[in-house]
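*Asks:* Provided below are the primary sequence and the corresponding predicted coordinates.
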2 protein chains.
Amino acid sequence: MKVSTKGRYGLSAMIDIAVHHGNTKCTSLKSIANRQGISENYLEQIVAPLKKAGFIKSIRGSYGGYTLNKNANEIYIGEILRVLEGTMYPVECLDGSGNCYCGDSNCDLCVTKSIWNKIYKSLSDIIDTITLQDLVDDYNKINNINN
Amino acid sequence: MKVSTKGRYGLSAMIDIAVHHGNTKCTSLKSIANRQGISENYLEQIVAPLKKAGFIKSIRGSYGGYTLNKNANEIYIGEILRVLEGTMYPVECLDGSGNCYCGDSNCDLCVTKSIWNKIYKSLSDIIDTITLQDLVDDYNKINNINN
DNA sequence: TTAATTCCTAGTAGTTTAGTCGGATTTCAT
DNA sequence: ATGAAATCCGACTAAACTACTAGGAATTAA
C-alpha cells in the first residue's frame, strides 16, 4: 500500500516544472534532480511516460528542458499518478464500477470487495479533484510566508 | 498502491473464522484454504501474526483450528491490515499527524505531503470504522438473499 | 495408535524497485 | 565550426519483496 518513488518523484517533478512555468524558460532534469536530491538518470525514465501522456513537452539541446504541455489546472494529480503507478486500484480485481471479476465461484467471501471499492472511491475523490495548479498555489503560499 | 495477497488472504481468513464463530467449533486452515482456493502452507504464515496480535487463538491437535479471541465488533479491519501490511501510510515519510520527517532541507516541494496525508486520513476513515462484525453481517446478508 | 491439526524454520523462483551506465542526437552560444 | 549542455534510448543490475513450497516437530481427539 505504498506509492513508489516513481510516483513520488514524478509528481514532485511535475510540480517543479509547473512552478517554473511562469517564466518562459524550460526546466532541465539536472536542475530538478539537484533541487530534489535524486538521480538525474532515474528521473529521465520517470519523465518519459509523462511526456508521452502529453502533460509536458521537451526542448532538446543546450538550454533545453521540459515545460508544461497543458495548463496546470487541466492536469489532475490522479492522471499523473496513474501514468506512473498504474490503475491505483487497491486490488487487481476491481473494474472501477464496484464489480469484481476474480472469477471465483465462492465469491461469497468477496464481501471484502466492498472495502476495496470504498477505498478506491475515497482515493479518487482526492486525486481526481486536486489539480497541479492547486499544488503550485500551495507551493507559492508556503514560500511567500516562509521567505 | 496495492494491498498484497497477505492482506487480502488474511482479511478473508478472519472473515471466514468470524463467520464460523457462532457454532462453538473452530475453523481449520485446511478448510479455509479450500474455501478460498489458496495455499494452506502460505495461509499458515499469514495467520501466525494475526494470532500473535491477539485477534484469534489456536487449538492444536486433531479437530483443532482457530477461533476469534475477541468479539468481532471489537476488531477493526484497519488493525488486521496493519498487522499484515504495515503502517498503511501511502508514503514512508508520514507520522500520522500530518508531519513529514524526510529531513530534506528543500522540503518546500513537500507540498505533496498534504496529498499523502489526505489519502491516509480518508483511508483511515474507512478501515478504522469498519469492524469484522460489519463484514460478517454483510456476508450473512448476501447468503440469505442468494440462497 | 493414528490421523489431523498447529507450529516452526528454511528455501526459492519470479517480479518489482530503484536505480546505473554508455552512448547517440540535438541545439544554443561563442 | 566547435564544444557544452541537454534530451533521448536501450541495456543492465543489485537488492528487496512477493508468494509461495517443503519438511518435520509437537499436540490432541477419536
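*Replies:* Perfect, thanks for sending it. Numbers count the residues shown, from 1 in each chain, chains lettered A, B, ... in the order given.
*Asks:* Please, which helix or strand holds the residue in chain A positioned nearest to DNA strand C?
*Replies:* Nearest residue of chain A to DNA strand C, counting by C-beta to the nearest atom of the strand: residue A:61, 2.0 Å away. Bear in mind the C-beta positions are built from the backbone N, C-alpha and C, glycine included. Counting by DSSP states H and E, no helix or strand carries residue A:61.
*Asks:* Give me the phi and psi angles of it.
*Replies:* phi 80, psi 180 (degrees, to the nearest 10).
*Asks:* Repeat that for residue A:66.
*Replies:* Torsion angles, degrees, to the nearest 10, at residue A:66: phi -130, psi 140.
*Asks:* So for it, what's the pLDDT?
*Replies:* We note a pLDDT of 98 for residue A:66 in this prediction.
*Asks:* what does residue A:22 give?
*Replies:* For residue A:22, the predicted pLDDT is 75.
*Asks:* Distance check, it against chain B.
*Replies:* Applying C-beta to the nearest C-beta, to the nearest Å, the value for residue A:22 to chain B is 16 Å.
*Asks:* Flag every buried residue along the helix or strand of chain A with the lowest mean pLDDT.
*Replies:* In chain A, no helix or strand scores lower on mean pLDDT, DSSP states H and E than helix A:132-146, which sits at a mean of 84. For helix A:132-146, the neighbour count (16 or more other C-beta atoms under 10 Å in any protein chain shown) marks A:132, A:134-136, A:138-139, A:142 as buried.
*Asks:* One more: stretch A:62-76?
*Replies:* A:65-69, A:72, A:75-76.
*Asks:* Distance of residue A:14 relative to chain B?
*Replies:* Taking C-beta to the nearest C-beta, one finds residue A:14 at 10 Å from chain B.
*Asks:* Correction: the previous question concerned residue A:63.
*Replies:* 23 Å.
*Asks:* now residue A:123
*Replies:* From residue A:123 to chain B the distance is 6 Å (C-beta to the nearest C-beta).
*Asks:* so where is chain A shaky, pLDDT-wise?
*Replies:* A:23-24, A:94-109, A:144-147 (pLDDT under 70).
*Asks:* how about the strands in it?
*Replies:* Along chain A, the segments classed as strands by DSSP state E run A:56-59, A:65-68.
*Asks:* thinking again about what came up before, return the least confident helix or strand of chain A as CSV; C-alpha atoms alone will do.
*Replies:* What follows is helix A:132-146, C-alpha atoms only, in CSV (Å, rounded to 0.1, in the frame of the first residue of the first chain):
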residue,chain,number,x,y,z
LEU,A,132,-1.4,20.5,-10.4
GLN,A,133,-2.4,24.2,-10.2
ASP,A,134,-3.6,23.6,-6.6
LEU,A,135,-0.2,22.3,-5.7
VAL,A,136,1.5,25.2,-7.4
ASP,A,137,-0.7,27.5,-5.3
ASP,A,138,0.3,25.6,-2.2
TYR,A,139,3.9,25.9,-3.1
ASN,A,140,3.7,29.6,-3.7
LYS,A,141,1.8,30.2,-0.5
ILE,A,142,4.4,28.3,1.6
ASN,A,143,7.2,30.2,0.0
ASN,A,144,5.7,33.6,0.4
ILE,A,145,5.1,33.0,4.1
ASN,A,146,8.4,31.5,5.0
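*Asks:* elements contacting it?
*Replies:* helix A:5-19, helix A:77-85, helix B:112-127 (3 or more C-beta pairs under 8 Å, 6 or more residues apart in numbering or on different chains; DSSP states H and E).
*Asks:* Could you identify which of these is most buried?
*Replies:* helix A:5-19 (a mean of 23; mean count of other C-beta atoms under 10 Å in any protein chain shown).
*Asks:* dump the residue contacts of residue A:70.
*Replies:* Taking C-beta atoms under 8 Å, 6 or more residues apart in numbering or on different chains, we find residue A:70 in contact with A:54-55.
*Asks:* excluding its backbone neighbours, what's nearest residue A:131?
*Replies:* residue A:73 (4.9 Å; C-beta to C-beta, 6 or more residues apart in numbering or on different chains).
*Asks:* burial of residue A:39, as a residue count?
*Replies:* 14 (other C-beta atoms under 10 Å in any protein chain shown).
*Asks:* before we move on, what about residue A:128?
*Replies:* Counted with other C-beta under 10 Å, residue A:128 comes out at 15.
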